[in-house]
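**Q** below is the sequence, then the predicted model.
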Amino acid sequence: MTENSTKEASDVGAGEGAEAGTGVTLSRRRLLGTVGAAGAAGLVVGGAGGAFGVSAAQDDAPALSTLGTTEVAFRADRRTPQAGITTPMQAHGHLVAFDLAPGAGRKTAAALMRRWSALAEKLMAGEVPADDTGVALDAGPASLSVTFGFGHSFFGRTGLTARRPLQLDPLPHFSADAIDPKRSNGDLWVQIGANDALVAFHALRALQKEAGDTARLRWQMNGFNRSPGATAHQMTTRNLMGQVDGTNNPKPSDKDFEERIFVGRDTDQQWMRGGSYVVVRRIRMLLDDWEKKSRAEQEKVIGRRKSDGAPLTGGDEHTPMDLTKNGPDGFPVIPADAHARIAAPESNQGAALLRRPFSYHDGFRDDGAPDAGLLFICWQADPLRAFTQIQRKLDRGDALSPFLRHEASGLYAVPALEPSGYAGQALLEG
Ligand SMILES: C=CC1=C(C)c2cc3[nH]c(cc4nc(cc5[nH]c(cc1n2)c(C)c5CCC(=O)O)C(CCC(=O)O)=C4C)c(C)c3C=C
Ligand SMILES: [Fe+2]
């Protein structure tokens, strides 16, 4: 069920085997798309050397790098989870929530989801939509993924309350919460990720315009991660506190991965079978306070080394934590209130979630502190048993909590996609 992984295209440089390989096919498609957008085959759009200085007849056009050509599949040939869940994290992200316009009901919502899905599929394949703005013209799909979710309020607006899963019941209040309702929840949620900032913005703008009068933007947040190729070898990304973040995520190869992250067959809401629930939290980091702590203090807060993410009990990043090991002082080497200990499945009756966040930085606050932190995005089959269980535990004594403020929150149902059809079709037409 994890075919929404990237289709790696071969990295074909100009002049070397440019006739073969998916990368070249894709580059060609972009060229044709560029010309198509201009409405005349063979036209050199923008003139040679201009912004769109390419021609369909130009055989020796330089090929895009793997970063540009890599394509994420919107759908597969069988029911699969949407892209953007197990897809490798991208460097740029936009999270957007929309509310349906007053009077827009189920039929209008279905028409929007149909249009949005068709557009997302096109964009993710690197094709150029009609009436294009031109923002992404020279780039390949750059691992673009678009993911659609449905919030609690969507069901009332569309007369579908009987189909609202209990899993969408509002999250409880936690003591680190300072939630801004205007930047929370929403009828519809869209996650956009890409390894190119212009490709990501292009998709955001195209989807917003496609919403037309049907849905209005409720809130939007922008995030980022490491760019592919920025480090000497592929490694787990760091967050804005400088920690290696994502090490102990469940892996698709784990035997219980599917049941932890995706909704099983026994659900009473069959339209969610194979889908997942996403919790989105905007978590501001109190970086001025955090950066005053020594490295040793920071490492005790997490329970892992800052340099390489290895547990304080030794080994490398992927060595399991030894939660039973005591130091010479008789105290646990990974402290009782260490974030990684408290969040671990061993401390939560086996509960686990798939974290796929973006960092954010929105300038500086009036007091000079960075308005920065983590757009914490986590995926699970049941938010009550995963996010809520773990966050409740963290709320009671996580050493990291004093450095965090949860400022916005959302919970959405993200149904699987059929080989044909649009996101949410089984909900809206079933
Ligand atoms: C409710 C769930 C969680 C929230 C909210 C959360 C916020 C948060 N976490 C970090 C940094 C790290 N988290 C790490 C591990 C970790 N965190 C959670 C859950 C939440 N984190 C889990 C389930 C785990 C894995 C625990 C385990 O099984 O070992 C780590 C350690 C490295 C890793 O495994 O990723 C770091 C670092 C921040 C900065 C943050 C809020 C901004
Ligand atoms: Fe964490």
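**A** Good, I have the coordinates. Numbering: from 1, shown residues only. Ligands and ions are numbered 1, 2, ... in the order given.

**Q** tell me how far the closest residue to residue 364 other than its chain neighbours lies from residue 185.
**A** Excluding the flanking residues, the one nearest residue 364 by Cβ to Cβ, 6 or more residues apart in numbering is residue 370, at 5.7 Å. Every residue, glycine included, has its C-beta placed from N, CA and C. Look at residue 370 and residue 185: by Cβ to Cβ, to the nearest Å, they are 26 Å apart.

**Q** of those two, who's got more company?
**A** Shown here are residue 370 and residue 185; by other Cβ atoms under 10 Å, residue 185 has more neighbours (24 against 16).

**Q** before we move on, back to that, where's the residue nearest to residue 364 relative to residue 361, distance?
**A** Distance, residue 370 to residue 361, by Cβ to Cβ: 6 Å.

**Q** between those two, which contacts overlap?
**A** residue 240 (Cβ atoms under 8 Å, 6 or more residues apart in numbering).

**Q** coming back round to it: OK, contacts around the residue nearest to residue 364?
**A** Neighbouring residues of residue 370 by Cβ under 8 Å, 6+ apart: 240, 285, 287, 288, 361, 363, 364.

**Q** looking at those, spot the one nearest residue 123.
**A** Checking these against residue 123 by Cβ to Cβ gives residue 361 as the nearest, at 25.7 Å.

**Q** the helix or strand where the closest one lies packs against which elements?
**A** Taking DSSP states H and E as the criterion, residue 361 maps to strand 358-364. Counting contacts by 3 or more Cβ pairs under 8 Å, 6 or more residues apart in numbering; DSSP states H and E, strand 358-364 packs against strand 215-224, strand 370-380.

**Q** relative to ligand 1, which of those is closest?
**A** strand 370-380 (3.8 Å; Cβ to the nearest ligand atom).

**Q** check whether the closest one comes near ligand 1.
**A** Yes. Between strand 370-380 and ligand 1, judged by Cβ under 6 Å from any ligand atom, the touching residues are 373, 374, 376.

**Q** now that strand against strand 215-224, angle please.
**A** 110 degrees (axes from the mean of the first three to the mean of the last three Cα atoms, to 10 degrees).

**Q** strand 370-380 pairs with which strands?
**A** strand 276-285 (antiparallel), strand 354-355 (antiparallel), strand 358-364 (antiparallel) (DSSP bridges).

**Q** which of those strands sits most buried?
**A** Highest mean neighbour count among those (mean count of other Cβ atoms under 10 Å): strand 276-285, with a mean of 24.

**Q** from the chain's centroid, how far away is that strand?
**A** With Cα atoms, centre = their mean, to the nearest Å as the basis, strand 276-285 stands 10 Å off its chain's centre.

**Q** which element follows that strand toward the C-terminus?
**A** Per DSSP H and E, the first helix or strand lying C-terminal to strand 276-285 is helix 287-290.

**Q** once you drop chain neighbours, what's closest to residue 260?
**A** residue 352 (5.1 Å).

**Q** correct me if wrong: the one you found contacts residue 343.
**A** No. With contact defined as Cβ atoms under 8 Å, residue 352 does not reach residue 343; the gap is 9.3 Å.

**Q** before I go, just wanted to say thanks for your time.
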